[in-house]
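*Asks:* Turn this into a model:
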Amino acid sequence: MSQTLSNIASLLFLAVAFTASTAGAQSSATDVPAALNFTMKTLDGEQVELSKYKGNVVMFVNVASKCGRTPQYKQLQALHKQYGSKGLSIVGVPCNQFGGQEPGTASEIAEFCQKNYGVEFDMLAKVDVKGESQSDLYAHLTGLDLKPAGKGDVKWNFEKIVLDRSGTPIARFGSKVKPDSKEVVSAIETALAGGSSDNGSSGHYSHKSSKSGRTYYLFKKEVPLKNSDKIQTIYYFAKDPNNKKGTPLASVPDDKVVSETKNGLLVLKKKK
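*Replies:* Numbers count the residues shown, from 1 in each chain. Predicted coordinates for the structure are as follows:
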């Protein structure tokens, strides 16, 4: 009888331990943001959980070695040097779907990047970023309506998709937009400073003033002109992300750049 009770107690202990272990695993899985909940391979062929980047600002870039925009590797490496220690993780994703401009093997790609651009940031194994064989990562990322490039298939080499520290995708830039452009750097710096495209309000862009240290949130307001059927669009920054006087924006409009006044206030100016 005592042996039977002992066996039952052992089984109960194992059941409780298994339940706790399962619950812990499930809790851990739910802690991983959707955009980083993927397993891929590095250029060296090792399995890597993208959840390793959680807490960092991440920029995924589909890269190629024989493209007219391949020199963007230099700017990407410069960003890595400048911001890597502050929490930026640049992740290169080789792809051969655009003009067959990444035909090399993994070792050839690695040698090319090191020899020509001294690349030190992480590189994943070559994958497809569109079509039937599209990687799960890019199926997720390209299904999101991210400003300014929007949603849909990657159009060419060197598109850039930025995630904030929480793992939330906040911006997508086309291949023509250089890595060191004001738009990209602004998105990176804002995310590194703790700003996010959502900040508690879906699709909300924020920017931290370098002069005042205060974070402002971008809004748009459309005002009918008197005695006219035209509408004037006004962009403005507010201290409160819950500002009710306008519509929150997910990014800076393509034809605008963020500028600061002498007092540290933020305004949008037309690109030169």
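*Asks:* What is the helix or strand harbouring residue 78 packed up against?
*Replies:* Residue 78 belongs to helix 72-83 when assigned by DSSP states H and E. In terms of contacts (3 or more C-beta pairs under 8 Å, 6 or more residues apart in numbering; DSSP states H and E), helix 72-83 is packed against strand 57-63, strand 88-94, helix 106-117, helix 182-192. Quick note: C-beta positions are derived from backbone N, CA and C, even for glycine.
*Asks:* Relative to the whole chain's centre, how far out is it?
*Replies:* Counting by C-alpha atoms, centre = their mean, to the nearest Å, helix 72-83 is centred 16 Å from the centre of its parent chain.
*Asks:* again, but for stretch 139-153
*Replies:* Using C-alpha atoms, centre = their mean, the distance from the centre of stretch 139-153 to the centre of the chain it belongs to is 11 Å.
*Asks:* do stretch 53-66 as well
*Replies:* The chain centre lies 8 Å from the centre of stretch 53-66; the measure is C-alpha atoms, centre = their mean.
*Asks:* In it, which residues are buried?
*Replies:* Within stretch 53-66, the residues that qualify as buried are 53, 54, 56, 57, 58, 59, 60, 61, 62, 63, 64, 65, counting by 16 or more other C-beta atoms under 10 Å.
*Asks:* Can you tell me, leaving aside adjacent residues, what's nearest to the last one?
*Replies:* Distance criterion C-beta to C-beta, 6 or more residues apart in numbering; nearest residue to residue 65, sequence neighbours excluded, is residue 112 at 4.9 Å.
*Asks:* I'd say the one you found and residue 104 touch.
*Replies:* Yes. Counting by C-beta atoms under 8 Å, residue 112 touches residue 104, with 6.7 Å between them.
*Asks:* now residue 173, which residues is it bridged with?
*Replies:* Beta bridges link residue 173 to residue 160, judged by DSSP bridges.
*Asks:* what residues are up against it?
*Replies:* Each residue near residue 173 by C-beta atoms under 8 Å, 6 or more residues apart in numbering is listed here: 148, 149, 159, 160, 161, 162, 181, 183, 184, 187.
*Asks:* could the residues you listed go into TSV alongside pLDDT?
*Replies:* TSV is the format used below for those (pLDDT from 0 to 100):
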residue	pLDDT
148	89
149	89
159	97
160	97
161	97
162	95
181	92
183	89
184	92
187	89
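*Asks:* Next, format those residues as TSV and append distance to residue 46 and neighbour count.
*Replies:* TSV is the format used below for those (distance: C-beta to C-beta, whole Å; neighbours: other C-beta atoms under 10 Å):
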residue	distance to residue 46	neighbour count
148	34	17
149	30	21
159	25	27
160	24	25
161	23	25
162	25	23
181	32	15
183	33	21
184	28	19
187	29	28
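*Asks:* Widest-spaced pair of those?
*Replies:* 161 and 181 (14.8 Å; C-beta to C-beta).
*Asks:* So which elements touch the lengthiest strand in the chain?
*Replies:* Taking DSSP state E as the criterion, the chain has its longest strand at strand 215-224. Counting contacts by 3+ C-beta pairs under 8 Å, 6+ apart, strand 215-224 is packed against strand 206-208, strand 231-238, strand 247-248.
*Asks:* Show me what the shortest one pairs with in its sheet, parallel or antiparallel.
*Replies:* In its sheet, strand 247-248 lies beside strand 215-224 (antiparallel), with partners assigned from DSSP bridges.
*Asks:* Sounds good, over and out.
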